[in-house]
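*Asks:* Fold the following for me, if possible:
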Amino acid sequence: MEANEAFVETGGGTVAMREPVDTTVSLVSQTIRIHLRSDHYYVDVSFLFFNDGPRARHDLGFPRFAYGTADEPFADFRSWVNDEPVPAIELPDRARADERIRSWYVKEVVFPEDRLTATRIRYRSEYGRDRLAFTVEYLYGTGGTWSGEIGEITVRVFNEAEHWVDSYAFDDAVDSTIVSIGRRDFEIYTATVSPRPGDTFRLVLEPVPWWLRTTPSEGELWAFERTELKPDYLRLLTLDQLRILRNAFYARRGFDLCTGELGMFFRRFSWYDPYTTSPQGLLGPMGELNVHHVVAEEERRRTIVIPDS
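*Replies:* So this is what the prediction gives:
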């Protein structure tokens, strides 16, 4: 649960979002770093603004955005302006137009004429829940309060707890690209975004991926023996998870992984019925192609130089 710094106004001890026509300040870029940990996630968001008009003094509000039934969506909130720590005061939302916004962390920021201004937010949050899945949500729509479009959004996900990341999505069909940035981590990039107020970015994490849980009907092929794997999905997986996926093709065909780590792992699933120790000829053409895709991603991942977090 997280959200963009918004252009807001305060009055009577409450907060409301303002309109882009009231400012010459634009949101040039933002980088959202999400550290996935076992029972919570940690967020570090950097914003870069540019003021192409006269010097301006604005209130910035970071919404306490809740998903589901959580009363305390995040904790340990900290804020900076141009690398200097700045306190933020929590005030209730005035409009209540979006019930997910419980309150705002507000600070006053001066935007010099024709200058860049940087702000930063850090906090930790509990995961949302969607049935058995965990979720991480980012309300990027509040960035639409600034002048013009959001220049670019970069989301860096550091999968420290090796969660199974099932999918990601931006609302309103925002075009994005995903690349791997390490053995466990990935980066999503999109540019020139004109969000609606409630638009969100979402990550879905599963305790066990769907392709390990499913048992095909008799005579039916396993999903990845009839559907080509997409690079965007492989980039969501960690290096260890790619190894499991590669071996799952053989395990599904009865290859005996014996009593080692992988054998113990696959014995958790009812569909695993090993009968052979030879992998030769087990896979069909689509299975062979998909294993090739997984191996290529594993080899590429081992050569990645990890960037600064």
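*Asks:* contacts, neighbours, all on C-alpha from now
*Replies:* Fine.
*Asks:* Can you pull the domain assignment for this protein?
*Replies:* Taking automatic domain parsing as the domain assignment, the ranges for the chain are 2-206, 210-302.
*Asks:* the strands in the stretch 51-200 of the chain, which residues?
*Replies:* In the stretch 51-200 of the chain, the strands defined using DSSP state E, counting those that start in this stretch lie at 56-65, 74-81, 84-85, 89-92, 101-111, 115-125, 128-130, 133-139, 150-158, 164-170, 177-180, 186-193.
*Asks:* who wins for proximity to Leu282 among those?
*Replies:* Shortest distance between Leu282 and those, using C-alpha to C-alpha, is found for strand 164-170: 26.6 Å.
*Asks:* what is the mean pLDDT for that closest one?
*Replies:* The pLDDT scores in strand 164-170 average 96.
*Asks:* list the helices and strands that strand packs on?
*Replies:* Using 3 or more C-alpha pairs under 8 Å, 6 or more residues apart in numbering; DSSP states H and E as the contact definition, the elements that strand 164-170 packs against are strand 201-206.
*Asks:* can you list the residues that contact the strand it packs on?
*Replies:* With contact meaning C-alpha atoms under 8 Å, 6 or more residues apart in numbering, strand 201-206 is reached by 132-140, 163-171.
*Asks:* Please repeat the previous calculation with a cut-off of 10 Å.
*Replies:* 1-3, 36, 127-141, 155, 157, 163-172, 174 (C-alpha atoms under 10 Å, 6 or more residues apart in numbering).
*Asks:* got it, and stretch 283-300?
*Replies:* For stretch 283-300, contacts defined as C-alpha under 10 Å, 6+ apart pick out 180, 182-183, 222-231, 234-235, 237-243, 245-250, 252-253, 281-282, 301.
*Asks:* give me that answer again for 7 Å
*Replies:* The contact list for stretch 283-300 (C-alpha atoms under 7 Å, 6 or more residues apart in numbering) reads Phe224, Glu225, Arg226, Glu228, Leu229, Leu239, Leu242, Arg246, Phe249.
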